[in-house]
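Undergrad: here's a sequence, model it:
(one chain, ligands or ions: 1)
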Amino acid sequence: MKLLYFFDEYIKPRVSRGLKFCNPTNSGILTERISCIRQNDVNIWFYNKNGTVIAFDSGHLNFPGLDAEFAKIKVDPLRIEYLFLTHADVDHAGGVDISGNNIFPNARIHVGKEEEQYLKGEMHRITKLKFIKIKNCVRLKEGYRLIEDGEIFWIDKIKVEAIHVPGHTLGHYCYLIDEKVLISGDCLAINQNGGYAFFDFFTQFPEMNKKSLERLEKLLSDKNIESVCSGHSGFRTDIEKLFAFREQSATFSRSNPFDKEAPRDFTKY
Ligand SMILES: [Zn+2]
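TA: Down below sits the predicted model:
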């Protein structure tokens, strides 16, 4: 098994126990337009308007029990034609990796153009102990669409604006839907106090991420954001505090968990 998939499936759930840094939202229909599927520590998001459903991120590789989760939110994954990835990490793009069961087999994958260097193995994803460089192992089927900063997609009557927010990875994107809903991926970690720059441990370039968050806050300042759908902090509507701690990286430890309301073991829910 590839290294980062092994970490994702076997190591991360064990070493994360008690750290309480992930608090995803359980699978369900949250508003008239927004629903989600939870896969342990991460969410896949769906936006639904007039019968058209767009998916954001695809979760882990070969995650079990998905039929029941799709039934809960009344979404047929075969009818998804558009998938937007916030980035190509194993927990967000694993669901459409060519080495596994593609959960959205009929969808065209949209991914930030700067993310392609990971998909081609030209860029490492993680450096540990200064010299150990680990590459992302996700591979996507041919025909994915690379997107650029500021691109706007109209899908039926849904507006999706792509915003480049590099740092977590070089091609990390957020998506603003209908000017009201932000898909934030892994640039922010959010708890009861507000939003922080995502955890350094998982972020490739933490200072770049903080700069990107400053820009993102400015870009969104004239918008009326109603909700944020995050990678690992669930569904949030406390928008006033979204960037409150963007200059600080979120931290976690057993004595000082990031989110007191998060589950101790994210595999049990
Ligand atoms: Zn993630």
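
Undergrad: and the closest residue to Ile190 other than its chain neighbours, how many residues sit next to it?
TA: In space, and not counting its chain neighbours, Ile190 is closest to Ser233: 4.0 Å by Cβ to Cβ, 6 or more residues apart in numbering. (C-beta placed from N, C-alpha, C; glycine too.) When neighbours are counted by other Cβ atoms under 10 Å, Ser233 registers 27.

Undergrad: same question for the one 10 residues further on.
TA: Neighbours of Phe243 under the rule other Cβ under 10 Å: 20.

Undergrad: mind listing what's buried along the longest helix along the chain?
TA: If each helix of the chain is counted by residues according to DSSP state H, the longest one is helix 206-220. Of all the residues in helix 206-220, those buried under the rule 16 or more other Cβ atoms under 10 Å are 206, 208-210, 212-213, 216, 220.

Undergrad: which helices and strands sit right next to that helix?
TA: strand 158-164, strand 194-197, strand 245-249 (3 or more Cβ pairs under 8 Å, 6 or more residues apart in numbering; DSSP states H and E).

Undergrad: alpha carbons only: can I get it in CSV?
TA: This file holds the C-alpha atoms of helix 206-220, laid out as CSV (Å, rounded to 0.1, in the frame of the first residue of the first chain):
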residue,chain,number,x,y,z
PRO,A,206,2.4,27.6,6.8
GLU,A,207,3.5,31.2,6.2
MET,A,208,2.2,31.1,2.6
ASN,A,209,-1.1,29.9,4.0
LYS,A,210,-1.3,32.8,6.4
LYS,A,211,-0.6,35.3,3.6
SER,A,212,-3.3,33.6,1.5
LEU,A,213,-5.8,33.9,4.3
GLU,A,214,-5.2,37.6,4.6
ARG,A,215,-6.0,37.9,0.8
LEU,A,216,-9.0,35.6,1.2
GLU,A,217,-10.4,37.7,4.0
LYS,A,218,-10.1,40.8,1.8
LEU,A,219,-11.7,39.1,-1.2
LEU,A,220,-14.7,38.0,0.9
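
Undergrad: ok and it relative to strand 245-249, angle-wise?
TA: For helix 206-220 against strand 245-249, the angle by axes from the mean of the first three to the mean of the last three Cα atoms, to 10 degrees is 170 degrees.
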